[in-house]
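Engineer: After the sequence you'll find the predicted model.
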Amino acid sequence: MTRRRYPTHSAPRRPGRARRPVHRRKKGQGVDTAGLLVVAALASVLIPQARQWLALHGSRAGAVAIAALAAGALILVLVKAGRRGASAWAARRRRPEGWDIHFLDTLHHTEFEEAVRDLMRRDGAYDAIRVGGAGDNGADVKGTDPAGRRWVIQCKHRRDGAAGAAVGTPDLHVLNGTGRPVHGGDVVVLVTNGRITAPAVKFAQSQRLHLVDRTTLNTWASGSLPLWEILADLPAPRRSHPVGRVRRPPF
């Protein structure tokens, strides 16, 4: 797939359309689960029958060879299907365009973290990385904006979106305890495609944490403004002359 280049002028890019993700497998994307099940079912029936027929009418060596060829063909189908699914997300994550909230809802939680990272890169935080996983100390994405501020982001993906469990104050405690002293964050953020409880909002305000809820996330992902132009009350820039929003390929 041809790599998309970001324009080098300062005008923001308009979002386009993106294909669907891999882990939440929908019709026509990623691995065709139904097709693979059909292939597996046919193989489980045909291979024993072929071996039985050859055992009665042909050599045992021939039966073994036929069975091996059939098994090899099945493995090839599975491998090719898996590669199609992997390449689909690899291509999609290079194009953070048109990622509205409904698209983000369909992502696996690791893909959601990658999407947040890619959105940061899209907007000029070219050093943004995904660090989520075991031992991440409450940070899933980290990066530096054009004004030199260090962003530490915790991602909370809800499979059911707005219908999923709301983010509460316990989800903010670890981030609050590590965002600045451990990760050195100037801007500490929680991003979710779900809801945030009122006590959590109050706690975040008292601790100078920034929240990106479902509505704000949709504005950020589907629009052209970077997150640092959407959120209010950010720390002062570290650089006296912030770097302009010059687009360049993040990958």
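Structural biologist: All right, it came through fine.

Engineer: Model confidence for residue 38, exactly?
Structural biologist: pLDDT, residue 38: 56.

Engineer: Isn't residue 141 up against residue 120?
Structural biologist: Yes: applying CB atoms under 8 Å as the test, residue 141 and residue 120 come out as touching, 6.5 Å apart. All C-beta spots, glycine's among them, are computed from the backbone N, C-alpha and C.

Engineer: Run through the residues that contact the closest residue to residue 141 other than its chain neighbours.
Structural biologist: The shortest distance from residue 141 to any non-neighbouring residue, by CB to CB, 6 or more residues apart in numbering, is to residue 153 (4.2 Å). With contact set as CB atoms under 8 Å, 6 or more residues apart in numbering, residue 153 has these partners: 116, 120, 139-143, 189-191.

Engineer: and which of the residues you listed is nearest residue 201?
Structural biologist: In terms of CB to CB, no member of these lies closer to residue 201 than residue 190, at 10.5 Å.

Engineer: which other helices and strands contact the strand or helix carrying the closest one?
Structural biologist: Following DSSP states H and E, one finds residue 190 within strand 187-192. Judged by 3 or more CB pairs under 8 Å, 6 or more residues apart in numbering; DSSP states H and E, strand 187-192 is in contact with strand 150-156, helix 169-178, strand 210-212, helix 214-222.

Engineer: for these, which one ends up most surrounded?
Structural biologist: With neighbours defined as mean count of other CB atoms under 10 Å, these peak in mean count at strand 150-156, which reaches a mean of 24.

Engineer: Put the alpha carbons of it into PDB.
Structural biologist: In PDB, the C-alpha atoms belonging to strand 150-156 read as follows (Å, rounded to 0.1, in the frame of the first residue of the first chain):
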ATOM      1  CA  ARG A 150       5.800  16.600  27.800                       C
ATOM      2  CA  TRP A 151       2.500  14.800  27.500                       C
ATOM      3  CA  VAL A 152       1.700  11.700  29.500                       C
ATOM      4  CA  ILE A 153      -1.500   9.900  28.500                       C
ATOM      5  CA  GLN A 154      -3.400   7.100  30.000                       C
ATOM      6  CA  CYS A 155      -5.900   5.400  27.700                       C
ATOM      7  CA  LYS A 156      -9.100   3.800  28.800                       C
END
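
Engineer: Starting from that strand, tell me which strands it pairs with and how they run.
Structural biologist: Using DSSP bridges, strand 150-156 pairs in its sheet with strand 141-144 (antiparallel), strand 187-192 (parallel).

Engineer: Hmm, residue 141 and residue 117 touching each other?
Structural biologist: Yes: here residue 117 reaches residue 141: they are 4.8 Å apart, a contact under CB under 8 Å.

Engineer: tell me, what's touching those two both at once?
Structural biologist: With contacts defined as CB under 8 Å, 6+ apart, the residues adjacent to both residue 117 and residue 141 are 128-130.

Engineer: would you list these in CSV and tack on secondary structure?
Structural biologist: Shown next, in CSV, are the shared contacts of residue 117 and residue 141 (DSSP: H, G, I helix; E, B strand; the rest coil):
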residue, secondary structure
128, coil
129, strand
130, strand
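
Engineer: Can you say which of these are buried?
Structural biologist: 128, 130 (16 or more other CB atoms under 10 Å).

Engineer: which among the shared contacts of residue 117 and residue 141 gets closest to residue 220?
Structural biologist: Closest approach between the shared contacts of residue 117 and residue 141 and residue 220, by CB to CB: residue 128, at 13.7 Å.
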